[in-house]
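> predicted model and sequence below, questions to follow.
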Amino acid sequence: MRINNFKDLKIWRLALLITKEIYDLSSKKEFGRDFGLRDQIRRAIVSVSSNIVEGFEKNNNNEFIRYLKITKGSIGEVRNQLEIAHIVGYITKDELSNTDEKLLDLAAQTGGFIKYLETKRRK
């Protein structure tokens, strides 16, 4: 199956859902007033879907793979910032676990897509 539009990418759609969740969490009372952490986690989660799109739009598998690897790094950054938000009391353990599970799933799917593209590149 050929994907002609980034909106067809499952990882992009999942990234958007998680972005909404991060925005909701970071809008809560204390978290929303911690402008540094709030803005940093939002920039990081926005870069996840943005890098997926930017890599896709390059129309070059090598570039796409490079941007997907950057995406995985941004996912790790968001996970770390969620841990910080939890330890300082901005989010609950359940909120952390729920969102982290989705981020781990996105990271795994992104990694699988990278492997697929690398295999396709070798053929």
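Structure's in. What do you need? Numbering: from 1, shown residues only.
> quick one, helices of this structure?
Assigned helices in the chain, in chain order: 10-25, 29-33, 35-57, 61-87, 93-122 (criterion: DSSP state H).
> elements contacting the longest one?
In this case it means helix 93-122. Using 3 or more CB pairs under 8 Å, 6 or more residues apart in numbering; DSSP states H and E, the elements in contact with helix 93-122 are helix 10-25, helix 61-87. All C-beta atoms are positioned from the backbone trio N, CA, C, and that covers glycine.
> can I get those helices in TSV including distance to residue 96, mean neighbour count and mean pLDDT?
Shown next, in TSV, are the helices and strands packed on helix 93-122 (distance: least, CB to CB, whole Å; neighbours: other CB atoms under 10 Å; pLDDT from 0 to 100):
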stretch	distance to residue 96	mean neighbour count	mean pLDDT
helix 10-25	9	17	98
helix 61-87	4	18	97
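> I'd like those as a markdown table, with distance to residue 104 appended.
Listed next are the helices and strands packed on helix 93-122 as a markdown table, based on distance: least, CB to CB, whole Å:
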| stretch | distance to residue 104 |
| --- | --- |
| helix 10-25 | 11 |
| helix 61-87 | 8 |
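> for residue 44, which of those is the nearest?
Proximity to residue 44 (CB to CB) singles out helix 61-87 among the helices and strands packed on helix 93-122, at 4.4 Å.
> that closest one relative to helix 35-57, how many degrees between them?
Helix 61-87 and helix 35-57 are oriented at 160 degrees to each other (axes from the mean of the first three to the mean of the last three CA atoms, to 10 degrees).
> show me what helix 61-87 packs onto, helices and strands only.
helix 10-25, helix 35-57, helix 93-122.
> minimum distance to residue 3: which of the helices of the chain has it?
Closest to residue 3 of the helices of the chain is helix 35-57 (CB to CB; 8.0 Å).
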